[in-house]
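Asker: this is a predicted model, with the sequence first.
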Amino acid sequence: MTASESATGRRVTAQDVAREAGVSRATVGFVLNNTPGQTIPEHTRERVLRAAARLDYRPNSAARALASGRSRIILLVLPDWPIEFRLQNYLDEASLVLDRAGYSLVTYTRHPDRTSRPLWESLSPDLVVGPAPFSAPDIASMLACGVREIYPDPDHPGTTDVSLAISAGPELQVEHLHGTGHRRLVYAAFTEDHPSSMIISRHRAASDRARSLGLAALGLERIHYRDDSPDDAIRRWLGTGITGVVAFNDDVAAAVTGAAVRAGLRMPADLAVIGHDDSPISAMFVPALSTIRFDTAALGRGFAGFALHLIDGRPLPASYAVPKPVLVRRATS
């Protein structure tokens, strides 16, 4: 017998909770759904909640969605980005805020060569949100499934705001190395079976900022931490006069820095390296890695507030804004 089943083996229902609490079925629904506009005495509300807890009542999500026309699910459609330390932190914080508001956050990665049906066709979420406008077929599919809100708005595709701050970090990486006297830079990332659009976006942002500062566009160097490619790259960079490395993330920065140390280079005198994300390895690595820090918890809360604004019409938090990246300067630059 599962926790949400009665002693008779059947699922505990809202009617069972009503009988246990000595109230009507409607009152149970008003309390458990936090229905606005209802003036239910606090002692009655507490009695219903205690009865639901004693019975370990679990609402039937399918029935609730059918009755209310809402699934209480928000679907975040991510590109093919790696789920790293900071992105996971962002998602955890967003999920916590939305959970407190009665919503479940579900993430869904769409791959370029996908063959499966999109997840919104199975979940019928109240809101589907992504970092870029959806295609016309995707929008048609969402509307056919009864999705209530789509963002970016199909009618205003130029307005996007998912609080993920793609370009600000790479720009600050380049500005830092330029400010410390480096004029020949390269962008380093790991080799991947399926190239990530985030790598492409960050590299483009870094390269654009370099050009705006009068530097050459940054070449994109692919390395792998399991082979000798970082060591080969170090020798090649030194031979072409490169003195600064903009790394996609802190793992890449650690691989480059390790190769530089093995080559006997002085850091940052011979080679400066800056990572991105301020993940735990950046502080623990020897030498400690310079990096870019984002307040990803605040970004996650901002996304959650924005999603609740779209789906429930709640006012945006007064502090709603994309936090600026912060330079963390350590031994490698």
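Answerer: Right, received. Where do you want to start? Bear in mind the structure is a predicted one, so any value in this text is a computation, not a measurement. Numbers count the residues shown, from 1 in each chain.

Asker: which residues does residue 273 bridge with?
Answerer: The residues listed as beta-bridge partners of residue 273 by DSSP bridges are residue 245.

Asker: tell me where the model's unsure across the chain.
Answerer: Applying pLDDT under 70 to the chain flags residues 1-10, 33-37, 58-70, 112-114, 156-165, 193-195, 317-322.

Asker: got the domain boundaries for it?
Answerer: 14-59, 73-162+298-322, 168-293 (automatic domain parsing).

Asker: could you dump those domains into TSV with mean neighbour count and distance to residue 332 added?
Answerer: In short, each C-beta sits where N, CA and C put it, glycine included. Below are those laid out as TSV (neighbours: other Cβ atoms under 10 Å; distance: least, Cβ to Cβ, whole Å):
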stretch	mean neighbour count	distance to residue 332
domain 14-59	15	51
domain 73-162+298-322	17	18
domain 168-293	19	4
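
Asker: of those domains, which approaches residue 333 most closely?
Answerer: domain 168-293 (3.9 Å; Cβ to Cβ).

Asker: just the endpoints, please. Distance across the closest one?
Answerer: Using Cα to Cα, to the nearest Å, the end-to-end distance of domain 168-293 comes to 11 Å.

Asker: gap between that domain and the chain center?
Answerer: Put simply, domain 168-293 sits 23 Å off its chain's centre (Cα atoms, centre = their mean, to the nearest Å).

Asker: residue boundaries of the strands in this structure?
Answerer: Shown for the chain, the strands assigned by DSSP state E span residues 73-78, 104-109, 127-129, 149-151, 185-190, 219-223, 244-247, 272-274, 291-293, 326-328.

Asker: what angle sits between the second one and strand 73-78?
Answerer: For strand 104-109 against strand 73-78, the angle by axes from the mean of the first three to the mean of the last three Cα atoms, to 10 degrees is 30 degrees.

Asker: strand 104-109 pairs with which strands?
Answerer: strand 73-78 (parallel).

Asker: got a list of contacts for the strand it pairs with?
Answerer: 91, 94, 98, 103-110, 119-120, 123-131, 134, 303, 307, 311 (Cβ atoms under 8 Å, 6 or more residues apart in numbering).

Asker: so residue 183 sits right up against residue 218, yeah?
Answerer: No. With contact defined as Cβ atoms under 8 Å, residue 183 does not reach residue 218; the gap is 11.8 Å.

Asker: what's near enough to touch residue 196?
Answerer: 79-82.

Asker: ugh, typo on my part, it should be residue 170
Answerer: 202-203, 205-206, 209, 246, 276.

Asker: state the pair within the residues you listed that is farthest apart.
Answerer: Largest pairwise distance in these, by Cβ to Cβ, is 13.4 Å, between 209 and 276.

Asker: in the chain, which spans are helices?
Answerer: Here the chain has its helices, by DSSP state H, at 14-21, 25-32, 42-55, 61-68, 85-100, 120-123, 136-144, 168-179, 197-212, 229-239, 250-262, 280-284, 296-312.

Asker: out of the ones you listed, which is closest to residue 189?
Answerer: It's helix 197-212; of the helices of the chain, that one is closest to residue 189 (Cβ to Cβ) at 4.7 Å.

Asker: could you give the angle of that closest one to helix 250-262?
Answerer: 60 degrees.

Asker: before we move on, the earlier item: quick one, which of the domains of the chain is nearest to residue 331?
Answerer: If you check each of the domains of the chain against residue 331 by Cβ to Cβ, domain 168-293 wins as the nearest, at 3.6 Å.

Asker: now do the contacts for residue 199.
Answerer: Per Cβ under 8 Å, 6+ apart, neighbours of residue 199: 189, 192, 220, 248.

Asker: tell me what the first one is bridged to.
Answerer: Using DSSP bridges, the beta-bridge partners of residue 189 come out as residue 222.

Asker: isn't it up against residue 219?
Answerer: No. Contact criterion Cβ under 8 Å: residue 189 and residue 219 do not qualify, at 11.2 Å.

Asker: coming back round to it: of the contacts of residue 196, closest to residue 46?
Answerer: Closest to residue 46, out of all of the contacts of residue 196 and judged by Cβ to Cβ, is residue 81, at 44.0 Å.

Asker: which one is the closest one nearest to, not counting chain neighbours?
Answerer: residue 198 (4.4 Å; Cβ to Cβ, 6 or more residues apart in numbering).

Asker: against residue 269, how distant is that neighbour?
Answerer: According to Cβ to Cβ, to the nearest Å, residue 198 and residue 269 sit 31 Å apart.

Asker: please consider this matter closed, and thank you.
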